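>>> could you look at this predicted model? Sequence included:
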Amino acid sequence: MRTNIDIDDELLVKAMQAGPYTTKKETVEAGLRLLARQAAYREILKWEGKLKWEGDESIDWTQPATEEPAHAADAPAVHQPRAAYGAGPAASKAKHRAGR
């Protein structure tokens, strides 16, 4: 989305120096992501003290796990839906096959 906004120059320079940002766009997008993430954290914190564990009481959650669960090795590091690509054969191969 293209938007024209008037941004305080000094604030933008400070923000660019605070992170490894080289462009204004990159800096503004990082700030917007930070605001969205903080809002999500606030929503999570609303549940503090309100959830009750109903699992295995013998597990000591204060200690690190001694081994990874079997599914952890196959799971992506970031839990996002996989991208749907509509990839097909390369154009040159498609032309080659059509000529047979």
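Done, it's in.

>>> quick check: buried residues in the longest helix along the chain?
Secondary structure of the chain per DSSP state H: the longest helix is helix 24-45. Under the neighbour-count criterion of 16 or more other C-beta atoms under 10 Å, helix 24-45 has 27-28, 30-31 buried. For the C-beta atoms, the positions are set from N, CA and C on the backbone; glycine is no exception.

>>> I'd like to know which elements it is packed against.
helix 9-18 (3 or more C-beta pairs under 8 Å, 6 or more residues apart in numbering; DSSP states H and E).

>>> got the angle between the helix it packs on and helix 24-45?
What separates the directions of helix 9-18 and helix 24-45 is an angle of 80 degrees, with axes from the mean of the first three to the mean of the last three C-alpha atoms, to 10 degrees.

>>> please identify the buried residues of helix 9-18?
By neighbour count with 16+ other C-beta under 10 Å, helix 9-18 contains the buried residues 15-16.
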